[in-house]
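K.L.:
Next one to model:
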Amino acid sequence: MDYEELQQSQAAELMNVSRPTFTRIYDAARKKVAKAIVEGCGVVITGDNADFEEYQNRKIKIRIMNQKIAIPTMADGTLSQHFGRAPKFTFVTLKEGEVIETQVLDAPPHEHGSAPRFIAANGGTDVLCGGLGAGAVKILNELGIQVHGGAPALPVSKVVEQYLNGTIVYGDSSCHGGCHHHHD
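P.N.:
Have a look, this model is predicted:
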């Protein structure tokens, strides 16, 4: 409705539903998209009656002109699936959508909030990671750092390549196993 600038009644007719049903669907969708944006979650569109291929073929890719992406990294150079326990962080600096610098730094000791503060201190604007806890997301968001969670455990260069060309497939970004411990 919004994209094609339709009235609710027109969109309802195209979807072959009543206008009140369309309004409920639309309101639910808006809430899900807002939650995804605010909490940094992915949006997955499913259903056999949605044909977005036409729009995907002519979409304009919007890139943030300058980013410094922090990627939790294992010793072998792959993306770590556990944000707070990664032994290293790879910082990838982008200018106009192109990689201009890559730097690998040892991660700080694992303490509550240490990784987000480390990323901010090193100029990070974004985090591209696998799993991370709600506390880390909250701190990163408070520091103005955008979270892209649920990235695959691939070599960092491959993850960055997929991120840049828009083909990265995000999975579950919630933290499982060992994340829910208490800090004194």
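K.L.:
can you pull the pLDDT of Val43?
P.N.:
The model reports Val43 with a pLDDT of 64.
K.L.:
domain assignment for this protein?
P.N.:
Using automatic domain parsing, the domain parsing of the chain gives 8-58, 66-165.
K.L.:
what about the last one, how long is it end to end?
P.N.:
With CA to CA, to the nearest Å as the measure, the first residue of domain 66-165 is 16 Å from its last.
K.L.:
out of all of them, which helix in the chain is the longest?
P.N.:
For the chain, the longest helix by residue count, based on DSSP state H, is helix 19-39.
K.L.:
about what we covered before: which of the domains of the chain comes out lowest on mean pLDDT?
P.N.:
In terms of average pLDDT, domain 8-58 trails the rest of those, at a mean of 73.
K.L.:
picking up where we left off before, among the domains of the chain, which is nearest Met1?
P.N.:
domain 8-58 (3.9 Å; CB to CB). (C-beta placed from N, C-alpha, C; glycine too.)
K.L.:
Quick check: bridge partners of Val92?
P.N.:
Applying DSSP bridges to Val92 gives these bridge partners: Ile69, Thr102.
K.L.:
That one and Lys68 touch, don't they?
P.N.:
Yes - under the criterion of CB atoms under 8 Å, Val92 makes contact with Lys68 at 7.3 Å.
K.L.:
More neighbours: the two, which one.
P.N.:
Taking neighbours as other CB atoms under 10 Å, Val92 and Lys68 compare with Val92 leading, 24 against 18.
K.L.:
can you pull the contacts of the more buried one?
P.N.:
Val92 is in contact with 68-69, 71, 99, 101-102, 156, 160, counting by CB atoms under 8 Å, 6 or more residues apart in numbering.
K.L.:
that older thread, for the longest helix of the chain, buried residues please.
P.N.:
Neighbour-count burial for helix 19-39 flags 22, 26 (criterion: 16 or more other CB atoms under 10 Å).
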